[in-house]
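Trainee: generate coordinates for the sequence data below:
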Amino acid sequence: MKPGKIRKGAVLLAEPFSIDVNFKRSAVVLTEHQTEGSVGFIMNKKLDVKIEDLLTDFPEFESRVYFGGPVATDSIHYLHNLGDLLEDSVKVTNGVYWGGDFEKLKFLITSKLVHPRNIRFYVGYSGWSSGQLTNELDYGSWVVADMHANYLFKSKPEFLWEQIMRNKGNTYSVIARMPDDVNWN
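Mentor: Below is the predicted model:
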């Protein structure tokens with residue numbers, strides 16, 4: 001992907017010295033990118049809560065919830081790898097889908113056809129108005145990377161930002177090894 005090229009399915013990596021507590025060392029997958037604005041979910045900010053703790057009519061399911069971003073933190077979203085098994089899902093990129101029929105999801109979970117490794121739940125989302133994300137990219141707030149489904153479903157969230165930076169190679173490999181606080185040097 002060319003530097004600065006943003007599209008649905010890309011990953012936004014917060015620049016290493018971001019002071020925004022919502023996005024510090026975050027890896028955000030873009031699920032929607034249009035001229036009207038963009039939507040994404042922070043993949044590496046795990047919360048200490050399970051989905052069944054937030055939804056009263058949800059089947060027992062050992063799945064942690066993640067902080068998707070600071071917008072609409074009273075909403076729950078989900079990314080999964082179920083594809084056509086879950087009707088009304090939106091394909092984000094290969095192996096990653098957004099949303100879908102919620103009642104069918106609960107049925108698939110109850111039927112043991114969906115496991116925690118297949119889905120990630122998010123409280124809130126990350127959102128940008130028209131032109132906002134482009135301005136942030138021009139300012140240097142984000143590094144754009146390619147998305148891989150393994151980042152979401154197989155990688156350890158606490159190492160994801162570093163992993164994706166390293167995978168970009170060259171200068172980004174050095175950035176990935178920078179301490180969270182330069183005073184630690």
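Trainee: the host helix or strand of residue 138 - what's its average pLDDT?
Mentor: Take DSSP states H and E as the rule and residue 138 turns out to sit in helix 132-139. Averaging the model's pLDDT scores along helix 132-139 yields 94.
Trainee: distance from the helix or strand just after it to the middle of the chain?
Mentor: Scanning forward in sequence from helix 132-139 by DSSP H and E, the next helix or strand is strand 142-146. Taking C-alpha atoms, centre = their mean, to the nearest Å, one finds the center of strand 142-146 at 13 Å from the center of the full chain.
Trainee: now stretch 78-97
Mentor: A distance of 14 Å separates the centroid of the chain from that of stretch 78-97, by C-alpha atoms, centre = their mean.
Trainee: between the two ends of it, what distance do you get?
Mentor: With C-alpha to C-alpha, to the nearest Å as the measure, stretch 78-97 spans 8 Å from end to end.
Trainee: next one: stretch 41-57
Mentor: Terminal residues of stretch 41-57 lie 24 Å apart, using C-alpha to C-alpha.
Trainee: how about stretch 82-98?
Mentor: Distances were taken as C-alpha to C-alpha; on that basis the terminal residues of stretch 82-98 are 10 Å apart.
Trainee: which parts of that stretch are buried?
Mentor: Of the residues in stretch 82-98, those scored as buried under the neighbour-count criterion (16 or more other C-beta atoms under 10 Å) are 82, 85-86, 89, 92-93, 96-98. Yep, even glycine has a C-beta here, placed from its N, CA and C like the rest.
Trainee: which residues are contacting that stretch?
Mentor: Applying C-beta atoms under 8 Å, 6 or more residues apart in numbering, the external contacts of stretch 82-98 come out as 8-9, 29-31, 77-81, 99-101, 104-105, 108, 113-114, 118-119, 147-149, 152-153.
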